[in-house]
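Novice: Mind looking at a prediction? Sequence and model below.
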There are 4 protein chains.
Amino acid sequence: MRSLCVFKNLKSRYAMLKTAILGGSGYTGLELLRLLSLHPDTVVIEATSRQHRGKKVSEVFPSLSGFYDRLEFSAPEDFKNIKADFVFSALPHGASQEVVPEVLKSCRVIDLSADFRIHDAAVYRAWYGEHKSEALLKDAVYGLPELHRAKVKDARLLANPGCYPTGAILALAPLIKAGAADTSSIIVDSKSGVSGAGRGANLDTSFVEVASGFKAYKVGCHRHTPEIEQELSLLSGAGVSVTFTPHLIPVERGILTTAYVKLKKMMSGADLHGLYDEFYGQEKFVRLMPPGRFPDISQVRGSNYCDIGVYADEKKGTAIIVSAIDNLVKGASGQAVQNMNIMAGLKEDTGLQSPPMAV
Amino acid sequence: MRSLCVFKNLKSRYAMLKTAILGGSGYTGLELLRLLSLHPDTVVIEATSRQHRGKKVSEVFPSLSGFYDRLEFSAPEDFKNIKADFVFSALPHGASQEVVPEVLKSCRVIDLSADFRIHDAAVYRAWYGEHKSEALLKDAVYGLPELHRAKVKDARLLANPGCYPTGAILALAPLIKAGAADTSSIIVDSKSGVSGAGRGANLDTSFVEVASGFKAYKVGCHRHTPEIEQELSLLSGAGVSVTFTPHLIPVERGILTTAYVKLKKMMSGADLHGLYDEFYGQEKFVRLMPPGRFPDISQVRGSNYCDIGVYADEKKGTAIIVSAIDNLVKGASGQAVQNMNIMAGLKEDTGLQSPPMAV
Amino acid sequence: MRSLCVFKNLKSRYAMLKTAILGGSGYTGLELLRLLSLHPDTVVIEATSRQHRGKKVSEVFPSLSGFYDRLEFSAPEDFKNIKADFVFSALPHGASQEVVPEVLKSCRVIDLSADFRIHDAAVYRAWYGEHKSEALLKDAVYGLPELHRAKVKDARLLANPGCYPTGAILALAPLIKAGAADTSSIIVDSKSGVSGAGRGANLDTSFVEVASGFKAYKVGCHRHTPEIEQELSLLSGAGVSVTFTPHLIPVERGILTTAYVKLKKMMSGADLHGLYDEFYGQEKFVRLMPPGRFPDISQVRGSNYCDIGVYADEKKGTAIIVSAIDNLVKGASGQAVQNMNIMAGLKEDTGLQSPPMAV
Amino acid sequence: MRSLCVFKNLKSRYAMLKTAILGGSGYTGLELLRLLSLHPDTVVIEATSRQHRGKKVSEVFPSLSGFYDRLEFSAPEDFKNIKADFVFSALPHGASQEVVPEVLKSCRVIDLSADFRIHDAAVYRAWYGEHKSEALLKDAVYGLPELHRAKVKDARLLANPGCYPTGAILALAPLIKAGAADTSSIIVDSKSGVSGAGRGANLDTSFVEVASGFKAYKVGCHRHTPEIEQELSLLSGAGVSVTFTPHLIPVERGILTTAYVKLKKMMSGADLHGLYDEFYGQEKFVRLMPPGRFPDISQVRGSNYCDIGVYADEKKGTAIIVSAIDNLVKGASGQAVQNMNIMAGLKEDTGLQSPPMAV
């Protein structure tokens, strides 16, 4: 195949949205590039990479050969000259806050790092340390469309949710919103594929170390805890406390979250299912499983769906909610595109209609 | 999400091609359903399944929930009433030949089984046994578009190539066509992911049996051998003999083929690369790697690409050609859609433009 | 290698214990054969298999070529003539209870099925249905040596614990025994490798279906729940209720259990660790991790260890206990050998001293 | 479990062999520690590690908790003071040759690096560059016991074979020795698990990069080529040329080698099998498969076996030989222990009798 953008002729001739990616050579960067190649209304005009500056995208990612063949990774400092409609920052936590204020002067920003997700500066400091652009925290919109669609539309700085929080909040929101949960004893037991740890040379995520393993990590101290608690507390109208334990699954993609909720008053399985159906019935990207069925991360792989299954133990007064997402899509880059669509006034699922690749 | 075809409104209002799938609940069936959901000009009007007749597609394949929600698997015998433009037969070898003659009366057929790939009835019998529709063998077109595009266009019965043959033939075609290979000593060492064995309850392909394994199988006797030899002989103009050994890789998808060819006369690495570039330069779905780089099955996953890398050992007079395909896409369902596009006069890559999902 | 038992000359000349295996061609059978080949004081005189009767062990399990080369699988009904010191029953649930009464007449039995684990016949019926040898339930000893070592010693019918219960009970026993847990709200979130589903042709455990997946199954209704509750209630002296959710990990072996316990009164991390150190300090097969470290199933693979890590959330008053076992060893065949050693008056770790194969 | 060496009391009281490991914190180091813990006649008195000096072995390798609990990794420069009967060098290529001359003054050395495998200094330089202890090349014994048992016995410096060469040479030796092979056209297509790349932080061997992949690498230029050619040439009595292509399998352990040999004169399948049976019939660690069966890397996992299957294509005059080893055992640390046993006058399989862990 000669170097051609096979999509060029698919894209409409009218002015397309210009997008740029900061930190484009990690897994969320790769996933943005993959998803945006499927988007009919955008063009990627720039992607930066410290490690791969000057290299063609298809040299770093051979899977993309034939796509983006004229695009080379530019230097990190080139962010200053970007004139795009939307800038996706896929920079690491801490790095994003250093450049976002400058970028915001000329572009709307969708930040995939944790830098702008926490509204309360004191909470941010307690979990992450000093913030270099603290003033922006209050302006940033937490981009979980299913909860904050109206605010997302007008956001200038959008904080794209964390992968674990996306799965956990979507699993719990209906119960919390309905006031049906004992909010002092929520257990969130989550399991993530390895791509959640990012792309890099690291013994802890090397094939041999993890391929036959399964373990809990950061028990009691993972930084996604305050993000989950913030959003559930907003829904509840009062403080919600969550015990959150992440685990590592030897798969590339996917997060399964098993949430345990003590119910304030008895609820039948049918009632519980009805509550979720009511809450998510109009949502394009949440698929409620039929009663008695539960999600599998393989069934959402590569897609922006969050699949949810619910169970009520009527004897014990406990609800078990299981959610599955692809951490790189609904947990990161897909949700970022979904947010961009809303911000741009496009149909929310534009470019996100591919079915999961289950096998 | 309420049950909607999210794609409905993407599909143009003018008459779309009607397609049907026989044996739709295996992996090639699932892959056809996945790929056709991305195709703007087709609609799937029927899919049969012996095991799952009467069940909704999304019940059997939860990944497709939200797609095909009104489609139920029909009974195998319903093939008789299908009025479609194209019928894909994903039935097992042997079963296809029983129904194809009838289906051909009213529809064009793209057969993914091995039933119509071998032109020579005697060869067929030697490797597969009696054929129930032997007369059709001479009419069927072997649907490797890179070699037989013109014939494909007018085919009424298209024999979609086998997964191993696709990778092997594409790896070897330029050398054979150029008369550069010693055709008496070609070695084809292929390695396939587990989905190549089909979808079914089988101890040999159960997770625990294969997850840490790697083995050769059907050494010296795999039925894809005559198919490879048939096509290479056609290219060569004389008999080509191939030693073919398949192996099982513990991955879901992908075939890597390493082919060893004794060169008739010396050829430099640059010459070899040039030969392949010349042969495949205009092909949409063959990506020749830069000199010194070789393909990885992960880099074509989910896509219709065949990636090829070449190496000439000038001292030993040997060429090593490595090709990678996704066995379910270019090795089966994707190539079937590519063939349908050609047969229907559509752009060859319609619905097949998604980049690989490397990670 | 010519067929020799490479171990023959290692085994002492004095009378060795004769053992037999009923249902020897599944994964627990294979694991018993592997472990017993390492045992200096036993010889396997018979192994039955419905499916493989008449075949050599090394034909069914090529890994064991060179071991047991004179042993052929005998027919299921041959159990009647077995004259062994110990008979391991690795038959499926339900099948074991049909033959154990007869076998008990001449041999001590270690039963790896669920048939004799539940003491209360009414509970058994509620979860499993009618029992064909109900009278034996009260005689069977539940063979978790860390809790019932004295009784194990004299058992004639030993009920080897289930895989999930082993991990869950060992994780929770110290807290329950100390009366420190709120026994009304215990959450046991367990994750198991695929071998736990047994050896057989089954689409649900085929490679392609599970390799990229992760899911919960039998939510709220897994039959290991009453077994866990029985043993914890015995420890507690009162009824203990457990919410138990099993999940499937795409690995061959291993169970990780994450247990959440509401503490009755505050306990520091150091106190919690001390409690576990006290409880398990003398146990050969329980390894308490240093404070702040948590187990990984890969680190116990192939061994009889149960690794445990503990965490106290002093703010929330919650303890998180994580345990890891190899489901085929400590969760089945290894524990069976450990029990046999105790019953035979051997050192408890005889034949079980191999370190885990972490990589 | 309190810290005890569970093996202490197994080991005889008479003077045991003192062993030391240089570079003990990689995968071959870990495997030596695992295997030596099973060896009744040795004790590990020292293990060095640049990265982990001062740490306990069980802190670096939690799987070994309960074994070696008094052993801490010492500094690399401590090699100078080692007084051991056998020193295993598991240092990287190039590093070994810097320390071995010094160590040889007081200890016999088994070197697992490539530093002393090539006899011809010119060949070494061509593939590896300058050698710092070139004079030792001619003294070193190539430790493939099946070929050089007598020399191994008296070796002071033993060069432990490479992983790929072990599998390739054992596959080809009988045919080469018998003069039955056309030695100008041998193809060795090998596939290795990821642990062959060593233990370290490396993007190329990270889980996400390799888990769904399969690729050829170092096509035409892998450094194991001259090692294979050296040994086959010695067997042949004339120069043997090999085309060798390594591939990466997404498993932790194992090498499968598929070798293709043009036969000088026709040979039946039975003749070929007989030739191998004759050659390896007395070998403890080579298991010839029955006719028609071929090895799987899972069936040798964790063991020192090399399983071999053979096939003769009588029509094409080609032999296909497939061998399987565990790259960390027969391909590295197990073979090192086998060599030590021979050098020490022990039974060759001492400490190496565990069956494979196929599942």
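Specialist: It's in.
Novice: how about A:Ala168, what does it touch?
Specialist: A:188, A:190, A:224, A:228, A:242, A:244, A:257, A:259, A:323 (Cβ atoms under 8 Å, 6 or more residues apart in numbering or on different chains). Backbone N, C-alpha and C define where each C-beta goes, glycine included.
Novice: SS state for it?
Specialist: helix (DSSP: H, G, I helix; E, B strand; the rest coil).
Novice: Run me through the strand neighbours of whichever helix or strand A:Val109 is part of, direction for each.
Specialist: Taking DSSP states H and E as the criterion, A:Val109 maps to strand A:108-111. Paired neighbours of strand A:108-111 in the sheet (DSSP bridges): strand A:86-89 (parallel), strand A:157-159 (parallel).
Novice: and those as JSON lines, adding mean neighbour count and mean pLDDT?
Specialist: Formatted as JSON lines, the strands paired with strand A:108-111 follow (neighbours: other Cβ atoms under 10 Å in any protein chain shown; pLDDT from 0 to 100):
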{"stretch": "strand A:86-89", "mean neighbour count": "26", "mean pLDDT": "98"}
{"stretch": "strand A:157-159", "mean neighbour count": "26", "mean pLDDT": "98"}
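Novice: between those, which gets nearest to A:Tyr27?
Specialist: Distance to A:Tyr27, taken as Cβ to Cβ, is lowest for strand A:86-89 among those, at 13.3 Å.
Novice: Which residues does the closest one contact?
Specialist: Contacts of strand A:86-89 (Cβ under 8 Å, 6+ apart): A:17-23, A:32, A:42, A:79, A:96, A:99-100, A:103, A:107-113, A:333, A:336, A:340, A:343-344.
Novice: Let me know how buried the spatially closest residue to A:Pro92 that is not a sequence neighbour is, in neighbour terms.
Specialist: Once flanking residues are discounted, A:Pro92 sits nearest to A:Ser113: 6.5 Å by Cβ to Cβ, 6 or more residues apart in numbering or on different chains. Look at A:Ser113: counted by other Cβ atoms under 10 Å in any protein chain shown, it has 22 neighbours.
Novice: what about A:Ser113, which SS state?
Specialist: Assignment for A:Ser113 (three-state DSSP): coil.
Novice: So it is in contact with A:Ser96, correct?
Specialist: Yes. Using Cβ atoms under 8 Å, A:Ser113 is in contact with A:Ser96, at 4.0 Å.
Novice: ok, and what's touching the strand holding A:Val109?
Specialist: So strand A:108-111 is contacted by A:85-89, A:96, A:100, A:103, A:140, A:143, A:155-160, A:336, A:339-340, A:343 (Cβ under 8 Å, 6+ apart).
Novice: Now do the SS call for the residue sitting furthest away from the middle of chain A.
Specialist: No residue in chain A sits farther from the centre than A:Lys315, which is 35.3 Å out by Cα atoms, centre = their mean. Classification of A:Lys315 using three-state DSSP returns coil.
Novice: Same check on A:Gly94?
Specialist: Here A:Gly94 is recorded as coil under three-state DSSP.
Novice: Contacts only, for it.
Specialist: A:Gly94 makes contacts with A:113, A:115, A:128, as judged by Cβ under 8 Å, 6+ apart.
Novice: hey, where'd the strands end up in chain A?
Specialist: Counting by DSSP state E, chain A has strands at residues A:17-22, A:42-47, A:86-89, A:108-111, A:141-142, A:157-159, A:186-192, A:215-216, A:242-248, A:255-262, A:286-288, A:306-313, A:318-325.
Novice: Count the residues that sit near the nearest residue to A:Cys163 once chain neighbours are set aside.
Specialist: Counting by Cβ to Cβ, 6+ apart, A:Gly331 is the residue found nearest to A:Cys163 once chain neighbours are left out, at 3.2 Å. Counted with other Cβ under 10 Å, residues neighbouring A:Gly331 total 30.
Novice: Distance of A:Gly331 relative to B:Phe207?
Specialist: Separation of A:Gly331 from B:Phe207 (Cβ to Cβ, to the nearest Å): 25 Å.
Novice: And A:Val210, by the same measure?
Specialist: Taking Cβ to Cβ, one finds A:Val210 at 17 Å from B:Phe207.
Novice: now A:Val109
Specialist: Distance from A:Val109 to B:Phe207, by Cβ to Cβ: 43 Å.
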